[in-house]
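[1] Could you work out the structure for the sequence below:
(one chain, ligands or ions: 2)
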Amino acid sequence: MALVGLENNNLKLIIFGGKGGVGKTSCAIAAALALSENFKTLLISTDPAHSVSDCLEQQIGFHVQEVTGHKNLSAIEVIAEEALSRFKAEHQNALKKLLATSTNLDNDDIDEMLSLSIPGIDEVMSFKTIIDFIEEGKYDKYVVDTAPTGHALRLISSPKLLDDWIKVAARMRWKYRYMITSFSGTYHQDDVDTFLLNLKKTVKRIENLLKDKNKCQFIPVCIPEAMAIMETSRLLKDLSNAEIIPQQIIVNHVMISEEGAFCKQKKAAQFKYIKEITETFSDLNRIEIPEFAEEIKGQNALNQLKNCLF
Ligand SMILES: Nc1ncnc2c1ncn2[C@@H]1O[C@H](COP(=O)(O)OP(=O)(O)OP(=O)(O)O)[C@@H](O)[C@H]1O
Ligand SMILES: [Mg+2]
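    Numbers count the residues shown, from 1 in each chain. Ligands and ions are numbered 1, 2, ... in the order given. Predicted coordinates:
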């Protein structure tokens, strides 16, 4: 079978996730190449390992750039730490004021507190960058390559974590507002309130997009091995808890050839796992990708993979 639904005009965001080394980056790039034949496509890597650059054989950095030879395809790296430092630089005053007005911390404590990370904030900021791109509307499709499972899950659960943090901050703020109102009789919304409100809106925008299966597809990538199947099951469960329901799964590294003892043995070993995948993930459209003779690097190999996916 082939990947389905990616060409629907409403579908904007396609996220590839899964265990380490199963082929997420290769599949994300091949899918982006295929989509760019008919759609203006932005390939976004959130994996700090820079493997998109290696696979495309072109240096991709923190700024959007055209992928050589594909005028409809651009790529960018969005790295959480980088997104977070930009966020902190932009909102430092509001964050300091939030702590100064709602706690008894002195300036040194506040600086120390700000150097600590707010749970989920870096991933949310990565996601915010992605959403900002989508809302800017310059592209038809946004294809995201994630780092291994834990990272994709952090990315997915980050809105909830940040939402909890905002609730605590809003409660602290409420006490401050209550005091001001008691003393002066009035309270005017200030930049900290605006900051919290905007952050809350960002979290909602991310949650709404992720849950909307017309606009977003999460595609798990798996291989026919016991550990990978277990990890994929956990991933699907966590996604389901976040109300994100994938429609299809890629099973990569499937041994097709039976030539020689090694291939024969490998194919026999994979047989029971492919059966298990078929049964365990029976409600998902399944796309099997053969084991290639060589690594997937450069245009030719990516074209071959693209033809398998579509
Ligand atoms: N079907 C395949 N046949 C042969 N080699 C493959 C296949 N799919 C992927 N590879 C190779 O396997 C390696 C890992 O693939 P890739 O980088 O796409 O995985 P990943 O899931 O993104 O890894 P990571 O978790 O480290 O980000 C790469 O060298 C890639 O070229
Ligand atoms: Mg990768």
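[2] Spell out which residues of the stretch 101-250 of the chain are next to ligand 1.
    Residues of the stretch 101-250 of the chain that fall close to ligand 1, judged by C-beta under 6 Å from any ligand atom: 147-148. Every C-beta, even on glycine, is put in place using the N, C-alpha and C of the backbone.
[3] List the residues that contact the residue in the stretch 101-250 of the chain that ligand 2 sits nearest to.
    Nearest residue of the stretch 101-250 of the chain to ligand 2: D145, at 5.8 Å (C-beta to the ion). For D145, the residues meeting the contact criterion (C-beta atoms under 8 Å, 6 or more residues apart in numbering) are 16, 24-25, 28-29, 43-47, 51-52.
[4] and the gap between it and V254?
    Counting by C-beta to C-beta, to the nearest Å, the gap from D145 to V254 is 21 Å.
[5] just A242 next, same as before
    29 Å.
[6] Over to S26?
    Taken as C-beta to C-beta, the span from S26 to V254 is 14 Å.
[7] Give the helix, strand or coil label for the spatially closest residue to the residue of the stretch 101-250 of the chain closest to ligand 2 that is not a sequence neighbour.
    Spatially, and ignoring its direct neighbours in sequence, D145 is nearest to A28 (3.7 Å; C-beta to C-beta, 6 or more residues apart in numbering). Put simply, A28 is helix when judged by DSSP: H, G, I helix; E, B strand; the rest coil.
[8] Touching, A28 and Y142? I think so.
    No: using C-beta atoms under 8 Å, A28 is not in contact with Y142; the gap is 10.9 Å.
[9] Which one of the two is surrounded by more residues?
    A28 (27 against 21; other C-beta atoms under 10 Å).
[10] ok, now which ones touch the more buried one?
    The contact partners of A28, taken as C-beta under 8 Å, 6+ apart, are 14, 16, 43, 45, 52, 143-145.
[11] do S26 as well
    Listed by C-beta under 8 Å, 6+ apart, the contact partners of S26 are 55, 252, 296, 302, 305.
[12] again, only using 6 Å
    Counting by C-beta atoms under 6 Å, 6 or more residues apart in numbering, S26 touches 296, 305.
[13] Okay, buried residues for the lowest-mean-pLDDT helix or strand in the chain please.
    The weakest-scoring helix or strand in the chain, judged by mean pLDDT, DSSP states H and E, is helix 107-115 (a mean of 72). Across helix 107-115, burial judged by 16 or more other C-beta atoms under 10 Å covers I110.
[14] Show me which positions of the following helix or strand past it end up buried.
    Sequence-wise, the next helix or strand downstream of helix 107-115 (DSSP states H and E) is helix 121-136. Going by neighbour count (16+ other C-beta under 10 Å), the buried part of helix 121-136 is 121-131, 133-134.
[15] Who are the packing partners of helix 121-136?
    Judged by 3 or more C-beta pairs under 6 Å, 6 or more residues apart in numbering; DSSP states H and E, the packing partners of helix 121-136 are helix 80-102, helix 149-184, helix 191-211.
[16] got the angle between the shortest one and helix 149-184?
    Read that as helix 191-211. Calculated by axes from the mean of the first three to the mean of the last three C-alpha atoms, to 10 degrees, helix 191-211 forms an angle of 150 degrees with helix 149-184.
[17] Give me the buried positions along helix 191-211.
    Here helix 191-211 shows 192-193, 195-196, 199-200, 202-203, 205-207, 209-210 as buried, counting by 16+ other C-beta under 10 Å.
[18] wait, which of those is closest to N9?
    Distance to N9, by C-beta to C-beta, is smallest for L209 among the buried residues of helix 191-211, at 15.8 Å.
[19] Who are the contact partners of that closest one?
    Counting by C-beta under 6 Å, 6+ apart, L209 makes contact with 215-216.
[20] hang on, the earlier thing: the contacts of D145: which ones sit near ligand 2?
    By C-beta under 5 Å from the ion, the members of those lying near ligand 2 are 24-25, 47, 51.
[21] from these, which has minimum pLDDT?
    The lowest pLDDT within the ones next to ligand 2 among the contacts of D145 belongs to D47, which sits at 82.
[22] Quick check: it touching P148?
    No: using C-beta atoms under 6 Å, D47 is not in contact with P148; the gap is 8.4 Å.
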